[in-house]
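> My questions are about this predicted structure, shown below with the sequence.
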Amino acid sequence: MIDLKSVNYDRVLRRYDIQMEARETPEDIAAKMVPQDPVLKKIAEDVVFMRYKNVQDDVTAALGTFSPEEIIDKGLVKGMDVVSELYGRGIYYLPHVMVAADAMDRGVKLCESKMTGAREMKGKVVMHVAEGDPHDIGKNIAAVLLKSNGFNVIDMGRDVAVEDVVQTVESEKPQLVTGTALMTTTMSAFPKVADRLQEKGINIPFICAGGAVNRAYVESYPMGVFAEKAAQGPALANKAAEGWDWRKLRENWDKLTGGA
Amino acid sequence: MALKRYTKMEYGSPDEMVFGEAKYPVSYGLGQTVGAGMVIPEVNFAPRPGAEKNPETLRREYVDYITKDVLDRAITLGFPAVQLENEHVFQMVNDPEKFEKPVVAGQKELMQKYHDEYGIALSIRHTIADPRLAEEGLRPGMDKKHSYPEKTIEAFEVAAANGADLLSVETMGGKEVADYAILHQDIRGWLFGIGYLGSLDMEWIWPQIVEIAKKNKVRAGGDTNCAGANTSMFMAGGYLDKDIPRTFSAVTRAIASARTLVAWEAGATGPDKDCGYEGPIVKAIAGKPCAQEGKGAQCAHADLMGNLIAQVCDLWSNESVEYHPEFGGSSVQCWLGNIGYEAALMNTAKQLKQDKLLRDLYMATDRYRSPESFILAYDNAYKIGQAIAENGNDIYLRAKLPA
């Protein structure tokens, strides 16, 4: 093998990832964002630091002082807000988000079991992977992020027929429907879904994403709103839940997603 | 069918490995030989959305537009040998007689015409789609809803009988656990999903593919862990991405190598699939030719080893590109030009006996670009191969120890 000792690698590549490594720690950022109350702080930190084995005990203890709704909104969700911040800054990786979301979910389920009525959610989302397509990792990430942001997710799974999507949207009446596909010839199910929904008089935003999917294609059929990454889902869903229609989402897409 | 496990390395040292040469070259197609002193460009493509509307629109897209464009450009640029790869779309596996057969037959008919007229060496790899769903069942008789396991095998039969030269697949076995493992950075889950379950699934499907190939006098090429290790690698991404750690991705690649090897243990001859970045590892073990993709596949994705991964390839690929117009012709023509000229550089280096220098230059540019490129540098790939071969008879240990 050739001797590499004389290579000045600064002339070959630059490790921007190492250069941009954040100096702040998760602890530094959590300290600025978690609630002051010691009971709620502990719950939020269970989420931030992924102490999923502790979260149920800490939530049970807190239920003596706080209502289930307060524990969710001021403890668990605040913890997840910190996790989102850490992920956004590139300090946490996606697996941190997934495990933290698991921890939050455990706490939320316990709180919900103590509530008299149903928990108020931001909105409902029907999610699916296009017919003939078995690739669902992107949809699964998006589902976790949407649930963590307070959405009720109806996950239809993968390889879902057009008619099944239409029927589910008809019966569940969500504020938003999503579709993902990896391949050029499976993403062609999206305009069919859009057409069939419009025939039924349904005109909600239809967020489409996936490997071969692009913005121009998605905006070539009614209702379609492109998402480049799963992490863009909550921003788009929040606006849909506020009542923005698909045209307004398209018009403000760059601002909502940070550009293509 | 008994599998021939690899328990020793076919190459005596890393330095014996170089692009365009394999211990066991393979001949097939219309005058094509792979791994015998030449690197051959392998161009891959995807039809435009809507082309799958009916069997005739799909045939026209693949044969009259894509294949004709590829062959015209190959002659225009004077390439002596080209391989096409058709990664089948879902419709072709879901209804092979209607959608797959006319495409496979039409492509081969056109290739024969160019081969006869110009003498260009041509071959086509048909990569059958694997739509099997773990939740419905991965074996015949289990998926009552779609019959995907049965359709997958049928699609191999149809391809082999109607014009395929080389059969490949990107199998999905183990993905049912691996996706979860990636998202939770759970290396034990990955080892179980890809290293163990994935290898078992390969042991089921590959003897059947080899049998179909033998029956039809074509070649069974090989597999890739595209569905697993590439998911991991692309999520790890580049320097602006922080979805999963690149070190984790590198370890998933090492484990995936043991799974990919199973196809060759079942009797497949190579070349394996271009998107199997584990190619240098399995080639070091088995000595069969491998296809790779890197800087010539920027149409499909970015990776952190665009040059390095060419170091020991036998076919050089563009991964895939959607058929559409570019300034320089259609997309398949432009990307064939890209990979064809790179292959010409490699083949010139071979003729001038500078191939090992060029191999090392490829390797040196990306060796430190990422953990995954570092472990795939041919000297390190060889060491991973040794860890697999030393435990070759135990599919669990041989997946675990390289990690």
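Cool, the structure landed.

> use CA for all of it now, contacts and neighbours both
OK.

> does stretch B:355-372 come close to chain A?
Yes: between stretch B:355-372 and chain A, judged by C-alpha under 8 Å from any C-alpha of the partner chain, the touching residues are B:357, B:360, B:364-365, B:369.

> how about the residues you listed in TSV, adding pLDDT?
Written out in TSV, the entries for the residues of stretch B:355-372 next to chain A read as follows (pLDDT from 0 to 100):
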residue	pLDDT
B:Leu357	98
B:Asp360	98
B:Ala364	98
B:Thr365	97
B:Arg369	97
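
> ok, so of those residues, who is nearest A:Ala62?
Nearest to A:Ala62 out of these is B:Arg369 (C-alpha to C-alpha; 48.6 Å).

> That closest one and B:Asp243, how far apart?
B:Arg369 sits 18 Å away from B:Asp243, going by C-alpha to C-alpha, to the nearest Å.

> B:Ala381 reaches B:Ile285, doesn't it?
No: with contact defined as C-alpha atoms under 8 Å, B:Ala381 does not count as touching B:Ile285 (9.5 Å).

> give the contact list for B:Asn54.
Counting by C-alpha atoms under 8 Å, 6 or more residues apart in numbering or on different chains, B:Asn54 touches B:Phe99.

> Helix, strand, or coil at A:Pro174?
Recorded secondary structure, A:Pro174: coil (DSSP: H, G, I helix; E, B strand; the rest coil).

> and B:Glu342, that's in a helix?
Yes: if the criterion is three-state DSSP, then B:Glu342 is within a helix.

> what's the neighbour count on it?
Using other C-alpha atoms under 10 Å in any protein chain shown, B:Glu342 has 20 other residues around it.

> send the alpha carbons of the host helix or strand of B:Ala22 over as PDB?
For B:Ala22, the host element (DSSP states H and E) is strand B:21-28. Taking C-alpha atoms only, strand B:21-28 is exported to PDB below (Å, rounded to 0.1, in the frame of the first residue of the first chain):
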ATOM      1  CA  GLU B  21      -9.800  -8.500 -11.300                       C
ATOM      2  CA  ALA B  22     -11.400 -11.300  -9.200                       C
ATOM      3  CA  LYS B  23     -10.200 -14.700  -8.300                       C
ATOM      4  CA  TYR B  24     -13.200 -16.200 -10.000                       C
ATOM      5  CA  PRO B  25     -14.200 -14.200 -13.100                       C
ATOM      6  CA  VAL B  26     -17.700 -14.800 -14.500                       C
ATOM      7  CA  SER B  27     -18.800 -14.900 -18.100                       C
ATOM      8  CA  TYR B  28     -22.400 -14.300 -19.200                       C
END
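
> Which strands and helices lie in contact with that strand?
With contacts defined as 3 or more C-alpha pairs under 8 Å, 6 or more residues apart in numbering or on different chains; DSSP states H and E, the secondary structure elements packing on strand B:21-28 are strand B:32-36.

> Would you give the sheet partners of the strand it packs on, along with the direction of each?
The sheet places strand B:32-36 alongside strand B:21-28 (antiparallel), with pairing taken from DSSP bridges.

> Turn the residues of stretch B:355-372 next to chain A into JSON lines, columns for neighbour count.
Written out in JSON lines, the entries for those read as follows (neighbours: other C-alpha atoms under 10 Å in any protein chain shown):
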{"residue": "B:Leu357", "neighbour count": "16"}
{"residue": "B:Asp360", "neighbour count": "22"}
{"residue": "B:Ala364", "neighbour count": "23"}
{"residue": "B:Thr365", "neighbour count": "18"}
{"residue": "B:Arg369", "neighbour count": "22"}
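
> which one of the residues you listed sits closest to B:Lys400?
B:Arg369 (24.8 Å).

> Wait, a strand at that closest one?
No: note on B:Arg369: no strand contains this position according to three-state DSSP, which reports coil.

> ok, for it, nearest residue in space, not its chain neighbours?
Of all residues beyond its chain neighbours, the one nearest B:Arg369 is B:Leu304 (6.0 Å), with distances taken as C-alpha to C-alpha, 6 or more residues apart in numbering or on different chains.

> Surely that neighbour touches B:Arg367?
No: under the contact definition of C-alpha under 8 Å, B:Leu304 does not touch B:Arg367, with a separation of 9.3 Å.

> where do the contact lists of those two overlap?
B:Ser373.

> From the contact counts, what lies against the helix or strand B:Ile153 falls within?
In this assignment (DSSP H and E), B:Ile153 forms part of helix B:148-162. Here helix B:148-162 is seen to pack against helix B:90-94, helix B:101-118, strand B:121-128, strand B:166-169, helix B:199-215 when contacts are counted using 3+ C-alpha pairs under 8 Å, 6+ apart.

> what does chain A put close to chain B?
By C-alpha under 8 Å from any C-alpha, the part of chain A that sits against chain B consists of A:1-2, A:4, A:12-13, A:15-17, A:87, A:90, A:92-96, A:98-99, A:132-134, A:137, A:141, A:183-188.

> Buried residues in the helix or strand A:Ala61 falls within, which are they?
Element membership for A:Ala61, per DSSP H and E: helix A:55-62. The neighbour-count check on helix A:55-62 (16 or more other C-alpha atoms under 10 Å in any protein chain shown) flags A:55-56, A:58-59, A:62 as buried.

> how near is A:Ala161 to chain B?
11 Å (C-alpha to the nearest C-alpha, to the nearest Å).

> how many other residues sit next to that residue?
One way to gauge burial is a neighbour count; for A:Ala161, by other C-alpha under 10 Å, it gives 15.

> Kindly report the same for A:Arg89.
Close neighbours of A:Arg89, defined as other C-alpha under 10 Å, add up to 14.

> From A:Glu21, how far out is it?
10 Å.

> what does B:Met111 give?
Taking C-alpha to C-alpha as the criterion, B:Met111 is separated from A:Glu21 by 52 Å.

> more neighbours, those two?
Taking B:Met111 and A:Glu21 together and counting by other C-alpha under 10 Å, B:Met111 has the greater number of neighbours (24 against 11).

> Just give the nearest non-adjacent residue to the more buried one, would you?
In space, B:Met111 is closest to B:Leu122, 6.8 Å off (C-alpha to C-alpha, 6+ apart).

> ok, that neighbour to B:Asp165 distance?
For B:Leu122, the distance to B:Asp165 (C-alpha to C-alpha) stands at 10 Å.

> Among the two, which residue is more densely surrounded?
Per other C-alpha under 10 Å, whichever of B:Leu122 and B:Asp165 has more neighbours is B:Asp165, with 28 against 25.

> show me what contacts the more buried one?
By C-alpha under 8 Å, 6+ apart, the contact list for B:Asp165 reads B:28-29, B:123-126, B:218-219.

> can you list the weak-confidence ranges in the stretch 51-200 of chain B?
Scanning the stretch 51-200 of chain B with the threshold set as pLDDT under 70 gives no residue ranges.

> Closest residue of it to chain A?
Using C-alpha to the nearest C-alpha, the single residue of the stretch 51-200 of chain B nearest to chain A is B:His184, 4.5 Å away.

> wait, that residue sits on A:Met98?
Yes: if you go by C-alpha under 8 Å, B:His184 and A:Met98 touch, sitting 6.4 Å apart.

> mind listing what A:Met223 touches?
Under the criterion of C-alpha under 8 Å, 6+ apart, the neighbours of A:Met223 are A:194, A:203-206, A:246-247.
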